[in-house]
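A.B. asks: sharing a model that was predicted from the sequence below.
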Amino acid sequence: MKPSGPVFEFDEVLARSTRSAVHLEMRDSYAVDNETGRYAEWKSGKRHDPDDRSAWWRPWHSLVAETVARGVVVRRARIVSEPVSEYIRFEYDGTFMNVAAGELVRWLPRRHTSDLALPGNDFWVFDDSIVRFGHFSGDGEYLGEEWTQASIAAEVCASAFEAVWRRATPHEDYKV
């Protein structure tokens, strides 16, 4: 997929954020590392010990922690079908890592979204002005990203995120 609009580097945009970075995930599975990697390890029974930070802390967690330390609020909301898919169980089990880095995470059952206007793609919104859409195939393969600074896209996505956030359950209270 060819990018349309401006091209940004995710880490740089997050590092330049001054107020907020919000992420809405709406898929029940992502094929990012199904055959090898963390998901495959999880499927074979490997679980990370929250107390052994050196075993699971990655550059992503450092970037989030540095961003939060600057006063930027980083929030992630996940819309999920229930009962949840195996992949969502995997994400749920690893969410303690996001929380340890400083992200605020909430979960919203899909059945509670029927009256919400939601964009068709997962997205990030930075400082209510820059949007990064993530594009995926039907089976969850990542196809690429699309960046925009169009104010209407930022407004629609920020509004959708806030509507989901208000209804969603904080991670510590959500059970799969």
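C.D. replies: It's in.

A.B. asks: report all helices and strands that the least confident helix or strand in the chain by mean pLDDT contacts.
C.D. replies: Sorting the helices and strands of the chain by mean pLDDT, DSSP states H and E puts helix 38-43 at the bottom, at a mean of 91. For helix 38-43, the packing partners by 3 or more C-beta pairs under 8 Å, 6 or more residues apart in numbering; DSSP states H and E come out as helix 86-101. Placement of C-beta: from N, CA and C, glycine included.

A.B. asks: what comes up buried for the helix it packs on?
C.D. replies: Judged by neighbour count using 16 or more other C-beta atoms under 10 Å, the buried positions of helix 86-101 are 87-88, 90-92, 95, 97-98, 101.

A.B. asks: specify which member of the residues you listed is nearest to Leu14.
C.D. replies: Distance to Leu14 across these (C-beta to C-beta) is lowest for Ala101, with 11.8 Å.

A.B. asks: now do the helices in this structure.
C.D. replies: For the chain, applying DSSP state H gives helices covering 10-16, 38-43, 53-56, 59-69, 86-101, 151-167.

A.B. asks: looking at these, which is nearest to Lys175?
C.D. replies: Closest approach to Lys175 among these is made by helix 86-101 (8.9 Å; C-beta to C-beta).

A.B. asks: give me the angle between that closest one and helix 59-69.
C.D. replies: Here helix 86-101 runs at an angle of 50 degrees relative to helix 59-69 (axes from the mean of the first three to the mean of the last three C-alpha atoms, to 10 degrees).

A.B. asks: off-centre distance for helix 86-101?
C.D. replies: In terms of C-alpha atoms, centre = their mean, to the nearest Å, the centre of helix 86-101 is found 11 Å from the chain centre.
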